[in-house]
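Participant: Mind looking at a prediction? Sequence and model below.
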Amino acid sequence: MAYVAVKGGERAIDNAHAWLADARRGDPDLPALTLAQIEQQLGRAVDRVMAEGALHDRRLAALALMQAQGDVTEAAFLLRAYRTTLPRFAAGEPLDTAAMHLRRRVSAIYKDLPGGQMLGPTTDYTHRLLDFALPTASPAPAARRTGEPKPMPRIGDILGAEGLMEPDAADPGSSGDLTREPLAFPAARDVRLQALARADEGFLLGLGYSTQRGYGNTHPFVGEIRVGETAVEIIPPELGFPISIGDITLTECQMVTQFRGSKTTPPQFTRGYGLAFGHSERRAMAMSLLDRSLRAAELGEDVVAPAQDVEFVLSHCDSIEATGFVEHLKLPHYVDFQSELETIRRMRADAMRGALTEAEAAE
Amino acid sequence: MTGALLSARGLSLAFGAIRALDAVDADLWPGEVLAVVGESGSGKSTLLDVLSGRRQPQAGIVWYRDPEDHLHELHAMPAPRLRALHRSDWGFVHQNPRETLRMNVSAGGNVGERLMAQGARHYGDIRAQAIDWLRQVEIDADRVDDLPRTYSGGMLQRLQIARTLVTHPRLVFMDEPTGGLDVSVQARLLDLIRGLVARLRVAVVLVTHDIAVARLLAHRIMVMQRGRVVEAGLTDQVLDDPQHPYTQLLVSSVLQA
Amino acid sequence: MSGYNFAYLDEQTKRMIRRAILKAVAIPGHQVPFGGREMPLPYGWGTGGIQVTASVIGAGDVLKVIDQGADDTTNAVSIRRFFARTADVRTTTRTGEASIIQTRHRIPETRLREDQIIVYQVPIPEPLAKLEPSRAEARRMHALAEYGAMHVRLYEDITRYGHVSISYDYPVLVNRRYLMAPSPIPAFDNPKMHMMPALQLFGAGREKRIYAVPPYTEVRSLDFEDHPFRATRAPHACALCGAADSYLDEVVTEDRGGRMFVCSDTDHCETRRSAREAAA
């Protein structure tokens, strides 16, 4: 019989996996990458995978990147699926980013400010010319680092001292966690920030950009971007006081935005907030633009643009959810397609019968 | 206030320093058309929102009498009851029919929606009722399957009226129903509304800035200025012999036009 | 598999999911939000169904997994392997032997029994999604049972085509109260849900919703009195087993349009064929 069903699914999957492993390794005569190489030399990719994977572990992120052939979304997915199986020992205390050991700190709203501007390792002023000598270059000379790192006040605190910046919201005590409780609308700012912190960087960037082009403008200024190391502390119940469990690298962006005031609040600056694992300025900036635009409703502004629509943004920002649902279209759908076939054949037959009757009537 | 469909006492609502409603009373009896007139900013649209339960007043109370003759405090009704009320015993005709019509659904589907929401499950009956209502608003029966986007502005407004009246509501709120239409189209629509309202004995709260519309349709009239009712009474009486200077101004400006 | 709990999920997560399932059973057709976890399979591959199965499966269960009605489609194989590996349970392709059947897009032709559970993988749990994209507003519509707009959709179809053109994921009213998406099963399968003896569980992983139809519950496909719901199938008999009442796949056999029709439910087809051979 000519009929060959899609049999042998088992063997097909095994073969596919073997082929993939082979493709991943590439030419076996070339030395394999090491995790340390990925972690050290592809640091920005590692940072992004940690952010979207919502897990701070450079080594695991490097492993995920290796396993995913450098596919950042796939690597983040691997990290997420691992993260979800981990037990929870404690929740961290709020991070004190004012006490951050800075390697970079820039403000666009003050020429100079307490603590000064600090350029740090940046591509901001790099001419984007391919450096053909890079592959064979000898190690770069060590950069001169200026002085000892010292804590610097955050821009919000400086503006806040004059009453020009909205005060921080009162500590809610505990914050929501969308990995435990499904997203519900309206979503509070803590949950929104969590969703944005894990969101797809391209999505954040595109929607943040849209606010600058008139779709929900917030009149933003970069109050401050800071990159550096911050201690993570927990309070073990048996101790009752905070202990540090290690330092992580973070990028924080405070976007200073306009607010015209309302019945109860005088005009003042408002804050859009962005925070990302590792050195991820684009991500932190886009996130802070979106954080502010998503506050439109609570600040009494008209909600007219996609970037202001909490349900729209939060429902579609997650790269793992998005890639899963888009890519699932390649799974078999032939049962549904068969029923569509029957329906469309029936409709075409009806339509042709109708046309035929009309033609006969015209004769 | 025995027998009144809707009774409001002492309605007040301020937006900051602006008093949109200032101690407003109103009553509406079955089958009666009450016009609320005034310039824009006079508070008439806010009054419509408060009377229809879509907006909460800061002070005052609105009573609604249901078909079983029970009284309800409108703004204390739970949201599901109020939504159900708006789908059955009440109707709302907006100035812009595109706000309420489903523009991607046929005229018949638009008219039939309220019937289906009430549990009608016979396609043929629903369609027959839709055709009947299209006729009543002077739309050709053979347009029943057309999408509203193929309709003219006047037809859209008549379609919205058919969609609203199909469940035989006892009370319909109308917000500038003839606004935005050509004068000739307006006249025909006003004629139609007057005929339908008289025949169906439906009570109407009509908000308009147009004295001529009020004169043609309304039994009684309330004149509003800066959130207050400055004059109220039988339409002819108020318009032929206005007592308040503001009403006199409104009436004279129409006569000059 | 070492390093992981029985059936992958930790027991606390399973308890959370079972609480959601109990609530879903108590309110037939109502979507219960649950704290869905990331699974090692992508969203859209059945993460909701897998979490539901993982939460109800025990060591003594026998699992059958189908996709498009077949046990040997790649995704069904992959999910069956997942449970064989993480729960070490017995698996089967026989509908009658299974205590849990996880499915994507079909209900088996064999009538299910009281001692069986069928777990549906659901991509979009919200039946109103195409009419009302905001889930917050759709929730309100469910709470108030405002389903007029759905009937308007059917009315429009009849007006335009003479019949309802929805051929899969055909909306149903459960227990005369909640409008429910049956997942993208063909409308042909809808009547099987009505008064089914087996417990029907629905899991949507990405949308983080669980819903259920308890045994022997009324499940009505939306329709009009004068345009009653009709389950349609390709007007052929299965080319392999001759069944004239099963749902059929159309298989294109050559590039000049040659085609044949065979049972979508592979177990049903094989059972019929071996019975015929035994009789011969």
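Facilitator: Structure received.

Participant: So residue B:75: helix, strand or coil?
Facilitator: Recorded secondary structure, residue B:75: helix (DSSP: H, G, I helix; E, B strand; the rest coil).

Participant: Which residue is the nearest non-sequential neighbour of it?
Facilitator: Take residue B:75 and drop its neighbours on the chain: the residue closest to it by CB to CB, 6 or more residues apart in numbering or on different chains is residue B:56, 5.6 Å away. From N, CA and C alone the C-beta is placed, and that goes for glycine too.

Participant: Pull the number of nearby residues for that neighbour.
Facilitator: Look at residue B:56: counted by other CB atoms under 10 Å in any protein chain shown, it has 10 neighbours.

Participant: and it, that one's in a strand?
Facilitator: No. Counting by three-state DSSP, residue B:56 is not found in a strand; it is coil.

Participant: per-residue pLDDT, it?
Facilitator: What the model reports as pLDDT for residue B:56 is 93.

Participant: quick one, phi/psi of it?
Facilitator: phi -90, psi 130 (degrees, to the nearest 10).

Participant: What of the one 4 residues further on?
Facilitator: Backbone geometry at residue B:60, expressed as degrees, to the nearest 10, gives phi 100, psi 180.

Participant: right, and it touches residue B:26 too?
Facilitator: No. The criterion here is CB atoms under 8 Å, and residue B:60 misses it with residue B:26 at 10.1 Å.

Participant: Overlap of the contact sets of these two?
Facilitator: B:8, B:11 (CB atoms under 8 Å, 6 or more residues apart in numbering or on different chains).

Participant: Could you check which of the two is surrounded by more residues?
Facilitator: residue B:26 (21 against 17).

Participant: Quick check: bridge partners of that one?
Facilitator: When bridges are called by DSSP bridges, residue B:26 pairs up with residue B:8.

Participant: That one and residue B:34 touch, don't they?
Facilitator: Yes. Assessed by CB under 8 Å, residue B:26 is found in contact with residue B:34 at 7.3 Å.

Participant: shared neighbours, the two?
Facilitator: residue B:222.

Participant: For the stretch 201-350 of chain A, which segments are assigned as helices?
Facilitator: A:201-212, A:281-293, A:310-316, A:319-327, A:334-362 (DSSP state H, counting those that start in this stretch).

Participant: Report the buried residues of the longest one.
Facilitator: Burial within helix A:334-362, assessed by neighbour count using 16 or more other CB atoms under 10 Å in any protein chain shown, is assigned to A:334-340, A:342-343, A:346.

Participant: Stretch C:54-73 now?
Facilitator: C:54-57, C:61-73.

Participant: Contact residues of the stretch 101-250 of chain C facing chain A?
Facilitator: Within the stretch 101-250 of chain C, the positions lying close to chain A (CB under 8 Å from any CB of the partner chain) are C:104-106, C:123, C:134-136, C:161-163, C:165, C:167-169, C:184-188, C:206, C:208-209, C:232-234, C:239-240, C:247-250.

Participant: State the pLDDT value of the residue most central in space within chain A.
Facilitator: The structure's chain A has its C-alpha centroid closest to residue A:199; by CA atoms, centre = their mean the separation is 3.3 Å. pLDDT recorded at residue A:199 is 98.

Participant: do residue B:256 as well
Facilitator: pLDDT, residue B:256: 49.

Participant: Same check on residue A:145?
Facilitator: 65.

Participant: need the contact list for the residue nearest to residue A:181 when sequence neighbours are not counted.
Facilitator: Of all residues not flanking residue A:181 in the chain, residue C:35 sits nearest, at 5.7 Å (CB to CB, 6+ apart). For residue C:35, the contact set (CB under 8 Å, 6+ apart) comprises A:179-182, C:13, C:16, C:208.

Participant: partner residues bridging the residue nearest to residue C:86 when sequence neighbours are not counted?
Facilitator: Nearest residue to residue C:86, sequence neighbours excluded (CB to CB, 6+ apart): residue C:8, at 4.3 Å. Counting by DSSP bridges, residue C:8 is bridged to residue C:5.

Participant: Quick check: the nearest residue to residue A:188 once chain neighbours are set aside vs chain B, distance?
Facilitator: Nearest in space to residue A:188, with sequence neighbours left out and distances taken as CB to CB, 6+ apart, is residue A:176 at 6.4 Å. Distance from residue A:176 to chain B, counting by CB to the nearest CB, to the nearest Å: 25 Å.

Participant: Report the separation between residue A:176 and residue A:198.
Facilitator: Distance of residue A:176 to residue A:198, computed by CB to CB, to the nearest Å: 13 Å.

Participant: again, but for residue A:245
Facilitator: For residue A:245, the distance to residue A:198 - CB to CB - is 21 Å.

Participant: Spell out which residues of the stretch 1-150 of chain B are next to chain C.
Facilitator: Counting by CB under 8 Å from any CB, the stretch 1-150 of chain B sits next to chain C at B:79-80, B:83-84, B:87, B:102, B:105-106, B:108-109, B:112-114, B:116-118, B:121-124, B:126-127, B:145.

Participant: from the buried residues of stretch C:54-73, which ones fall inside helices?
Facilitator: Applying DSSP state H to these, the entries found in helices are C:54-56.
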